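Engineer: here is my input, please return the structure:
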Amino acid sequence: MNIQLGHSKLVRRAYGIDEIALVPGGRTVDPEITDTSWAIGGVKRNIPIIASAMDGVVDVDMAVSLSNLGALGVLNLEGVQTRYDEPRSVLEQITAVSKEGFVPLMQKIYSQPIKEELVKKRIKEIKDKGGIACVSGTPIAALRFKEIIKEAGADIFFLQATVVSTEHIGPEGSEKLDIKKLCAGMGIPVAVGNCVTHEVSLNLMRAGAAAILVGIGPGAACTSRGVLGVGIPQATAIADCASARDEYQKETGKYIPIVADGGIITGGDICKCIACGADSVMIGSPIARAEEAPGRGFHWGMATPSPVLPRGTRIKVGSTGTLERILLGPALLDDGTHNLLGAIKTSMGTLGAQSIKEMQQVEVVVAPSLLTEGKVYQKAQQLGMGK
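Structural biologist: Numbers count the residues shown, from 1 in each chain. Okay, the predicted model is just below:
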């Protein structure tokens with residue numbers, strides 16, 4: 001339903017994750033027999049979670065640990081890991097700097113050139129340690145490093161930008177990324193993002209994307225929505241892009257997974273994303289809270305170091321437990337940030353869904369009061385859902 005914003009402007013109402021709720025059906029399922037597996041680019045995983053390609057979230061060791069636990073981690077090929085031989089001291093500077101000095105420091109640190117030998121080295125380190133090598137880069141990085149990425153043995157490449165589409169108008173004479181050509185010639189699956197609309201998702205699938213990343217600006221450390229005014233709330237964006245996936249499957253018989261990327265904090269958030277149509281989620285701040293995370297309790301946006309228009313900040317998330325506890329439990333916290341897989345399986349059981357595909361079919365209602373109704377004491381005492 002369109003709403004008249006003004007005399008000549010009609011708008012559509014869009015919904016965020018916090019505005020919806022999932023409705024139990026006529027059956028329940030034992031969580032032990034629920035199947036949370038999914039696949040991306042031929043790689044099957046038991047946990048529908050990808051750790052985002054942010055320097056405070058994933059380094060080589062984290063990528064390997066995530067692989068071993070049944071999830072995935074994506075290494076940022078334009079971050080400190082590929083600019084510095086020994087990034088640990090650089091990460092220490094980032095976590096120690098004042099709020100006022102943060103952006104200038106980031107701009108200085110990320111002005112160091114990316115080293116091609118480190119791109120190859122980091123991919124090989126993940127592979128040599130038995131991990132699944134998922135790496136991320138902007139369209140510029142894709143043009144520059146695609147041969148190195150392929151030769152080093154990466155398993156999946158995540159092509160990521162604030163907004164990505166199959167049609168880009170650039171300055172005359174500049175090299176333009178052809179996403180269809182990249183997907184066909186990369187030699188490995190290419191996941192593409194980020195987008196928020198049915199039309200763009202469908203075009204990216206037709207161009208050969210192995211997965212679609214959905215979300216513009218909802219991330220905990222991202223400020224793009226404030227700086228640019230761009231984005232669609234996640235519940236609506238996921239549903240729109242999932243409808244494109246279903247349309248593409250009818251056209252071709254091929255199933256392209258939808259990955260909800262950004263604005264996801266708790267197990268309940270993940271469950272809502274799946275119910276809206278996602279096959280998996282990409283999360284940053286929940287994994288940044290792991291004791292093993294390179295950010296040491298801090299998390300910052302990927303576009304923060306931009307020398308022209310920074311679109312991110314550094315937030316303190318703290319360290320609340322090991323990566324295994326955050327993903328698999330047992331939980332020590334009651335706010336939904338530990339044992340994320342347990343939350344997914346329990347929600348699926350409660351809703352009567354045995355698989356991710358069945359979870360995508362559960363009833364969803366608009367419920368703005370879901371997280372506040374009856375929680376006055378938790379809010380007043382800053383406990384549980386009132387933190």
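Engineer: contact partners for the spatially closest residue to residue 298 that is not a sequence neighbour?
Structural biologist: Closest residue to residue 298 apart from its sequence neighbours, by C-beta to C-beta, 6 or more residues apart in numbering: residue 95 at 4.8 Å. Where C-beta positions appear, they are placed from N, C-alpha and C, glycine not excepted. Contact analysis of residue 95 by C-beta atoms under 8 Å, 6 or more residues apart in numbering lists 295, 296, 297, 298.
Engineer: residue 95 looks like it's in a strand, true?
Structural biologist: No: secondary structure assignment (DSSP: H, G, I helix; E, B strand; the rest coil) places residue 95 in helix, not in a strand.
Engineer: any idea how far it is from residue 280?
Structural biologist: 29 Å (C-beta to C-beta, to the nearest Å).
Engineer: and residue 241, by the same measure?
Structural biologist: Applying C-beta to C-beta to residue 241 and residue 280 gives a distance of 13 Å.
Engineer: intersection of neighbour lists for the two?
Structural biologist: With C-beta under 8 Å, 6+ apart, residue 241 and residue 280 have common neighbours residue 258.
Engineer: these two - which one has more neighbours?
Structural biologist: Per other C-beta atoms under 10 Å, whichever of residue 241 and residue 280 has more neighbours is residue 241, with 32 against 27.
Engineer: tell me which residues in stretch 178-198 are buried?
Structural biologist: 179, 182-183, 186, 188-198 (16 or more other C-beta atoms under 10 Å).
Engineer: likewise stretch 79-89?
Structural biologist: Neighbour-count burial for stretch 79-89 [16+ other C-beta under 10 Å]: 79, 80, 81, 82, 83, 84, 87.
Engineer: repeat that for stretch 344-364.
Structural biologist: Going by 16+ other C-beta under 10 Å, stretch 344-364 has these buried residues: 344-345, 347-351, 353, 356, 358-360, 362, 364.
Engineer: kindly reformat those as TSV containing secondary structure and pLDDT.
Structural biologist: Below are those laid out as TSV (DSSP: H, G, I helix; E, B strand; the rest coil; pLDDT from 0 to 100):
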residue	secondary structure	pLDDT
344	helix	98
345	helix	98
347	helix	98
348	helix	98
349	helix	97
350	helix	97
351	helix	97
353	coil	98
356	helix	98
358	helix	98
359	helix	98
360	coil	98
362	coil	97
364	strand	97
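Engineer: now the strands for the stretch 1-150 of the chain?
Structural biologist: Along the stretch 1-150 of the chain, the segments classed as strands by DSSP state E, counting those that start in this stretch run 2-6, 9-12, 20-23, 38-40, 43-45, 49-51, 72-76, 134-137.
Engineer: just want the most central residue of this structure.
Structural biologist: residue 282 (2.5 Å; C-alpha atoms, centre = their mean).
Engineer: pretty sure that residue is touching residue 258, no?
Structural biologist: No: assessed by C-beta atoms under 8 Å, residue 282 is found out of contact with residue 258, at 10.8 Å.
Engineer: just the C-alphas of the helix-or-strand element of the chain with minimal mean pLDDT, formatted as PDB.
Structural biologist: Ranked by mean pLDDT, DSSP states H and E, the weakest helix or strand in the chain is helix 224-228, scoring a mean of 72. Once non-C-alpha atoms are left out, helix 224-228 reads as follows in PDB (Å, rounded to 0.1, in the frame of the first residue of the first chain):
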ATOM      1  CA  SER A 224      25.900   5.500   5.900                       C
ATOM      2  CA  ARG A 225      22.200   6.000   6.600                       C
ATOM      3  CA  GLY A 226      23.000   9.200   8.500                       C
ATOM      4  CA  VAL A 227      25.600  10.400   6.100                       C
ATOM      5  CA  LEU A 228      23.800   9.500   2.800                       C
END
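Engineer: other SSEs contacting the helix or strand just after that helix?
Structural biologist: Per DSSP states H and E, the first helix or strand lying C-terminal to helix 224-228 is helix 234-252. Under the contact criterion of 3 or more C-beta pairs under 8 Å, 6 or more residues apart in numbering; DSSP states H and E, helix 234-252 touches helix 198-206, strand 211-214, strand 258-261, helix 267-276.
Engineer: point out where this protein drops to low pLDDT.
Structural biologist: 162-163, 165-175, 219-224, 303-305, 309-310 (pLDDT under 70).
Engineer: just list whatever residues bridge to residue 2.
Structural biologist: Residue 2 forms beta bridges with residue 12, as assigned by DSSP bridges.
Engineer: tell me who's in contact with it.
Structural biologist: Taking C-beta under 8 Å, 6+ apart, one finds 10, 11, 12 in contact with residue 2.
Engineer: hang on, isn't the first one packed against residue 4?
Structural biologist: Yes: using C-beta under 8 Å, residue 10 and residue 4 qualify as a contacting pair, with a distance of 5.8 Å.
Engineer: ok, now which ones touch the closest residue to residue 345 other than its chain neighbours?
Structural biologist: Excluding the flanking residues, the one nearest residue 345 by C-beta to C-beta, 6+ apart is residue 31, at 4.1 Å. Contacts for residue 31 (C-beta under 8 Å, 6+ apart) come out as 342, 345, 346, 348, 349.
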